[in-house]
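# Any chance you could fold what I've pasted below:
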Amino acid sequence: MIFKNARIITSNGIIDADFRVEEGKIKEIKKNIIPKDNVIDLSGYYVLPSVIDGHTHFNSRFLGAREVIPTADDYKSGSEVALAGGVTSFINFIDPAKEDPIKSVKTEIENATQSMTDYSFHLIVRNGDHIKYLDEIFNLGIKSVKVFMAYKGSMQLDDENIMRAMRKVKELGGVMAIHAENGDVIDELQKEYGDKDEAIYHALTRPSEVEEEAVNRVSMMAYLTKAKAYIVHVSSPNSLKIIQSWRAKGTEVYAETCPHYLMFDESYYNRPDGKRFIMSPPLRSKEMRKELVDSLKNMFTLGSDYSGYMSVYKDKALSYIEVPNGVASTEFLVPTIMSLMFDGFISPEHVAEITSEDQIKLYGIKNKGFSVGSDADFALIKKEEWIVKDWHGKMDHSIYEGVKFKAKVIRTYLKGELAFEEDVKGSKGEMLKR
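Prediction:
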């Protein structure tokens, strides 16, 4: 199969070239490949290679709740959402809850065989006892873990065990993702404000300072342990500045942000459907959102933090505290960042890095990217204005409904085969090699 007249977005800029695919792999990249049978003309499209969403919670539940509140999408429907958004691989979080972590990992690996995209996993370390399982878990192909500094009483891990986990992850050559918010301070603020109904109290009880303090504290731990640390869903531009200051000292700490922090601000909490916009950390002020967009050049990766919950769980919650935290941004990750590229807020080079190449480096992912010998995973993007009216997967609402984008995913290819064009085509995913 030869793909002609491609405009390929890479870390070296936009490359005009043809490429040849055989047995799912890229075999040749150059201008003017002599056409044979099975030629596909890509004129008029941008090619975005190997988009990897390193932050999803498919087939999961609200991690901060005491009862089971399931996410809307499992691996099958979640992978449909991913393909519709031009995402060809995702890394999902495994929450062992009260189960044996080894059993949880093996169960999720089996469940994920339903996925139509490639996939891998992070393990959530809920308590210090989980650290002893990490050797075996890494042998199962899970090379990264996550800890929470928030959700006191359910997910929050204390500093001592975060340090212990960091040392073990460093020893095993892995990476640690961190949800950085000060859970103790949030708990006190929630007690102070009381059991309110309005969504805006979610932002008031989780101000940017509780994120920034936790980012600074966990970066300090990464500096002392020399572990590779990854701060997920950075919502505050000041957090990014703190991360940059620790990186300047030689700390291996990286920043991820999410599409919703680039698109929305805390004024959405005042809408009648404001509870649907509740995620943690919360949306920030209009000024902070703009500054975050302007700071994209310093962001390492973009992840969706998919945690989609049906409206019955969002709307019927008696207070902002009871609303399951999370939104479904996976399908709109690529339209968001490509629209910002077309508007001049991010370079094509950094789009390639923030959506794919940095994830490959951070997580040690093999066979991905855009080079000879890599899997032929890519999305075709068209520059056109469109308004979100529907979406894929099982969610019965979307915070992106009515949003206008300037970039649209037209087709998605997985290992050279058409996996999505208006609907999914029945592709088969595999576990990523790391």
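
# Now for the residue nearest the centre of the chain: which residues touch it?
Most central in the chain under Cα atoms, centre = their mean is G303, positioned 2.2 Å from the mean C-alpha point. Each residue near G303 by Cβ atoms under 8 Å, 6 or more residues apart in numbering is listed here: 53-56, 232-233, 256-258, 333. C-beta coordinates here come from the backbone N, C-alpha and C atoms, glycine included.

# Any of these buried? List them.
The neighbour count (16 or more other Cβ atoms under 10 Å) marks 53-56, 232-233, 256-258, 333 as buried among the contacts of G303.

# Widest-spaced pair of those residues?
Farthest-apart pair in these is T56 and T257; separation 15.1 Å (Cβ to Cβ).

# okay, now N12: neighbour count?
11 (other Cβ atoms under 10 Å).

# So in this protein, where's the weakest helix or strand by average pLDDT?
Within the chain, no helix or strand scores below strand 423-424, which has a mean of 93 by mean pLDDT, DSSP states H and E.

# so what strands line up beside that one?
Here strand 423-424 has these sheet partners by DSSP bridges: strand 417-421 (antiparallel).

# got a list of what the closest residue in space to M338 that isn't next to it in sequence touches?
Distances taken as Cβ to Cβ, 6 or more residues apart in numbering place A407 nearest to M338, at 3.4 Å, with adjacent residues excluded. If you count contacts by Cβ under 8 Å, 6+ apart, A407 has them with 334-335, 338-339, 341-342, 381-384.

# wouldn't D294 be in contact with F345 here?
Yes - in this structure, D294 is within contact of F345 by Cβ atoms under 8 Å, at 7.1 Å.

# Looking at the two now, which is surrounded by more residues?
Just comparing D294 and F345: by other Cβ under 10 Å the higher neighbour count belongs to F345, 17 against 12.

# confidence score at the more buried one?
pLDDT recorded at F345 is 98.

# Now do the same contact list for it.
By Cβ under 8 Å, 6+ apart, the contact set of F345 is 293-294, 296.

# Let's see which of those end up in helices.
Counted as lying in helices by DSSP state H, out of the contacts of F345, are 293-294.

# now, which of the contacts of F345 sits nearest M395?
Closest to M395, out of all of the contacts of F345 and judged by Cβ to Cβ, is V293, at 25.1 Å.

# who's the nearest residue to I354 once chain neighbours are set aside bridged to?
Using Cβ to Cβ, 6+ apart and skipping the chain neighbours, the partner closest in space to I354 is L302 (4.8 Å). Beta bridges link L302 to T257, judged by DSSP bridges.

# what's the burial count for L302?
Neighbour count of L302, defined by other Cβ under 10 Å: 30.

# same check, this time on the one 4 residues further on
Each residue near Y306 was counted by other Cβ under 10 Å, and the total is 31.

# in which helix or strand would I find the residue nearest to M338?
strand 404-414 (DSSP states H and E).

# can you tell me the average pLDDT over that strand?
On average, strand 404-414 scores 98.

# Just want the angle from it to strand 417-421.
Going by axes from the mean of the first three to the mean of the last three Cα atoms, to 10 degrees, strand 404-414 is angled at 150 degrees with respect to strand 417-421.
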